[in-house]
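1. Pasting a predicted model and its sequence here:
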Amino acid sequence: MIKTLDRLLDHITMYRLVLYYLVALLSAAFVLGFLSLVPHRPIELAFTTALVLATCWIANKVFARIFEVPANSESVYITALILALILDPVAAADAKAIGAAAFASVWAISSKYILAVGRKHLFNPAALGVALTALLLDRPATWWVGGSVWLLPLVLVGGALVVRKLRRLDLVATFLGVALATILATTNPSQYGAAIAETFSSSPLLFFAFVMLTEPLTAPTTRRARIAFAGIVGFLFAPNVHIGQFYFTPELALLAGNLFAYAVSPKGRSVLTLERIEQTAVDSYDFIFRSQRKLAFQAGQYLEWTLGLDRSDNRGNRRYFTVASSPTEQSVRLGVKFYPQSSAFKRALGGMKPGATIHASQLAGDFTLPSDPTTKIAFLAGGIGITPFRSMLQYLVDRKEVRPIIVLYGTESQDDIAYRDVLGFARRELGIRTFHAIAKGAERGQYPGYIDARLVRLTMPDYLERTFYISGPQAMVKAVRKSLLAMGVRRSRIKVDYFPGFA
């Protein structure tokens with residue numbers, strides 16, 4: 001069942017999954033409203049949802065045109081639905097309440113453009129919108145989605161899917177642990193039972209953790225910083241934490257965490273201009289961009305790439321791809337494999353001409369070279385999963401840095417082998433050997449079949465001393481990782497290339 005679930009998650013983007021989750025929560029609340037199992041009438045809930053959706057959509061169109069950046073519809077809908085789930089539903093005859101909901105919506109969207117540094121928004125949009133509404137209009141968010149035990153099962157199930165897709169269990173677990181510990185530390189011991197019950201059954205804790213906290217654009221990009229971020233927000237989230245007479249609300253706790261995330265994360269969004277396209281293998285191409293400013297990154301990291309699409313599909317107009325170029329190169333290289341039925345994003349990417357632009361942001365990833373140059377390493381790549389290794393190998397070649405590395409590269413055929421030039425340079429100049437596993441049509445000196453335990457043992461008798469980096473299709477990564485564990489390789493010595501929305 002877990003494998004089936006993972007396959008389903010592999011074919012849906014992170015943003016689309018969150019969107020479906022929010023739609024499911026609102027739909028369930030609407031039905032429960034008819035049964036009087038939630039404290040809001042369905043008509044008010046429907047009116048509020050329509051109001052914030054329309055306001056957010058219009059505001060986004062206006063600001064996207066003013067600032068000349070691609071408009072992302074999924075992001076708008078997600079922000080709007082979050083607002084519908086945390087703002088108190090309003091009646092059509094309540095002008096002040098309508099104005100407050102519209103105010104929160106406009107500020108939530110405008111924060112992505114106005115309160116942005118280097119074209120990257122600083123604060124969680126929904127959190128900022130409701131915080132300003134509470135401060136300026138005295139209309140605080142009620143976070144009603146967390147106050148219904150009838151919605152709790154759906155909050156938990158959907159939230160678990162989001163966390164599994166994002167691989168952010170460390171973030172959520174740290175937040176929940178710190179928040180709960182702080183709540184207990186500020187509560188009379190005789191009230192522990194009631195405090196715990198109320199925290200999990202009638203507070204925004206879980207919805208906040210699954211949806212707000214995990215928002216990738218305003219959270220840190222490295223694991224240690226994520227843990228610290230979660231701890232800060234968890235501590236401030238506890239209802240009894242205050243500075244003098246000032247008490248934190250959930251949204252203020254998150255905004256404080258966003259400031260920390262900004263301080264420790266890479267800054268800004270880059271607009272990259274396409275210079276040329278190079279074919280690297282059958283159906284695989286490198287899109288080579290130039291940037292107005294030098295892009296600072298580590299070999300093996302990834303970026304979120306955004307295109308303005310006239311017509312998007314259910315995958316949206318944003319993708320995460322590894323930067324295939326080395327930090328030592330002047331251009332920024334994006335390696336992509338195309339399939340017969342590619343997404344709207346890839347079709348638009350494939351149709352780009354020199355001079356066209358793409359937006360790149362949210363630099364992140366821990367799939368990077370170890371700091372100790374004597375560490376023995378094995379690069380295991382499947383298909384287009386060679387891209388992070390291309391970045392690392394080119395970096396080492398340019399720096400003339402010798403490291404004890406062995407590369408295992410698995411492809412379906414000879415035509416699928418990419419970056420032959422870089423692999424050749426690495427062997428001639430640094431002594432880094434590449435062993436090819438070819439599923440169909442292996443030649444002399446190549447391994448017939450896929451990367452497996454036998455190939456690992458044949459090519460590296462000292463495999464128990466090596467740190468393994470695995471990158472490729474999800475099925476390949478999971479199979480190889482399982483084989484390595486069965487061979488006795490410690491979990492701490494296996495690094496998997498993962499980024500949100502891998503599929």
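-> Cool, got the structure.

2. Wasn't residue 348 part of a helix?
-> Yes - with DSSP: H, G, I helix; E, B strand; the rest coil as the criterion, residue 348 is part of a helix.

3. OK, contacts around it?
-> Residue 348 makes contact with 307, 309, 317, according to CB atoms under 8 Å, 6 or more residues apart in numbering. C-beta coordinates here come from the backbone N, C-alpha and C atoms, glycine included.

4. Tell me how many other residues surround residue 430.
-> 17 (other CB atoms under 10 Å).

5. which of the contacts of residue 348 has the most neighbours?
-> residue 317 leads the contacts of residue 348 on contacts (other CB under 10 Å) with 25 neighbours.

6. so who does that residue touch?
-> Counting by CB under 8 Å, 6+ apart, residue 317 touches 70, 72-74, 306-309, 344-345, 348.

7. could you flag which of those residues are buried?
-> 72-74, 306-309, 344-345, 348 (16 or more other CB atoms under 10 Å).

8. returning to that earlier point: if we only consider the contacts of residue 317, which is nearest to residue 29?
-> Among the contacts of residue 317, residue 74 lies closest to residue 29 (CB to CB), at 21.0 Å.

9. Which helix or which strand is home to the closest one?
-> helix 73-86 (DSSP states H and E).

10. returning to that earlier point: among the contacts of residue 348, which one lies nearest to residue 326?
-> Ranked by distance to residue 326 (CB to CB), those are led by residue 307 at 24.1 Å.

11. Columns distance to residue 89 on top of the contacts of residue 348, output as TSV?
-> TSV is the format used below for the contacts of residue 348 (distance: CB to CB, whole Å):
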residue	distance to residue 89
307	36
309	33
317	31
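
12. Now do the helix ranked longest in the chain against helix 73-86, angle only.
-> Counting by DSSP state H, the longest helix found in the chain is helix 42-67. Per axes from the mean of the first three to the mean of the last three CA atoms, to 10 degrees, the angle that helix 42-67 makes with helix 73-86 is 140 degrees.

13. What helices and strands are in contact with helix 42-67?
-> Packing partners of helix 42-67 (3 or more CB pairs under 8 Å, 6 or more residues apart in numbering; DSSP states H and E): helix 14-34, helix 73-86, helix 95-110.

14. Just the buried positions in that helix, please.
-> For helix 42-67, by 16+ other CB under 10 Å, it's 42, 44-45, 47-49, 51-53, 55-57, 59-60, 63-64.

15. So among the residues you listed, where is pLDDT lowest?
-> In terms of pLDDT, the weakest of those is residue 64, which scores 85.

16. And that one, how far from residue 124?
-> 19 Å (CB to CB, to the nearest Å).

17. nearest to residue 371, of the helices and strands packed on helix 42-67?
-> Closest among the helices and strands packed on helix 42-67, using CB to CB: helix 14-34, at 29.5 Å.

18. Packing partners of the closest one?
-> Under the contact definition 3+ CB pairs under 8 Å, 6+ apart, helix 14-34 sits against helix 42-67, helix 73-86, helix 152-166.

19. TSV for these, including distance to residue 213?
-> Shown next, in TSV, are the helices and strands packed on helix 14-34 (distance: least, CB to CB, whole Å):
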stretch	distance to residue 213
helix 42-67	21
helix 73-86	12
helix 152-166	10
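
20. right, and the ones you listed - which one's nearest residue 116?
-> The nearest among these, by CB to CB, is helix 42-67 at 8.5 Å.

21. now that closest one: how far from the chain's centre is it?
-> Its chain's C-alpha centre and that of helix 42-67 lie 24 Å apart, by CA atoms, centre = their mean, to the nearest Å.

22. likewise stretch 457-472?
-> On CA atoms, centre = their mean, the centre of stretch 457-472 falls 28 Å from that of its chain.

23. Also stretch 57-75?
-> Distance of stretch 57-75 from its chain centroid, counting by CA atoms, centre = their mean, is 21 Å.

24. same check, this time on stretch 484-497
-> Relative to the centre of its chain, stretch 484-497 is centred 24 Å away, using CA atoms, centre = their mean.
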